[in-house]
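Asks: What follows is a predicted structure for the sequence shown.
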Amino acid sequence: MNFKITIMKRTLGIICLIWAVVFGRLQTEYFGNNWLPKTNEEIMCDLTALLLCICGSVLIWQKRKRNRKWITLEKVNRVEVIDQNGRSYVNSKPTNKTELSLQDNGKTLKVFISN
C-alpha cells in the first residue's frame, strides 16, 4: 500500500514538473519572449511556474522513513513462531490482521497482530 502511494506521489511530481516547463514556455511566448518580467501578470505567471516546479521536486524527492517498513498481510490470520524447541507461539484466530514492521535498518522484525 505504501509503495503504491509513493509511486502515485512521484508520478504527480513528474506531472507537476512537466506542467511547470510547459506553462513557463507558454507564458514566456505569450508575454513576448522577453528575458525579464515586465508586468505584474508576468511576475505572477513566473511565480506560478516556480511553485509548480518546487512542488514537483518535493513530491519526487520526498524520502520515505528509512527506519520502518510496514508490510500488511491481508490474508494471513495464523501466526506461528518456531524456535529450537518447536512452536513457541501460535495464534490462529480467523479475525486476526497481521502487519510486519522492519525496523533499525533491517535488524529488527516486529509482528503486530490485531483482531
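Replies: Arrived safely.

Asks: For the chain, give me the ranges with low pLDDT.
Replies: Flagging of the chain using pLDDT under 70 yields the residue ranges 1-3, 63-71.

Asks: Let me see the domain layout of it.
Replies: Using automatic domain parsing, the domain parsing of the chain gives 2-61, 68-114.

Asks: what's the offset of the longest one from the middle of its chain?
Replies: Averaging C-alpha coordinates over domain 2-61 and over its chain gives two centres that are 20 Å apart (C-alpha atoms, centre = their mean, to the nearest Å).

Asks: The last one too?
Replies: Between the mean C-alpha point of domain 68-114 and the mean C-alpha point of its chain there is a distance of 24 Å (C-alpha atoms, centre = their mean).

Asks: Stretch 45-62 now?
Replies: Taking C-alpha atoms, centre = their mean, one finds the center of stretch 45-62 at 16 Å from the center of the full chain.

Asks: buried residues in that stretch?
Replies: Taking 16 or more other C-beta atoms under 10 Å as the neighbour-count basis, stretch 45-62 is seen to contain the buried residues C45, D46, A49, L52, C53, C55, G56, L59. Any C-beta I mention is one placed from the backbone N, CA and C, and that applies to glycine too.

Asks: the longest helix in the chain is where?
Replies: Using DSSP state H, we find that the single longest helix of the chain is helix 2-30.
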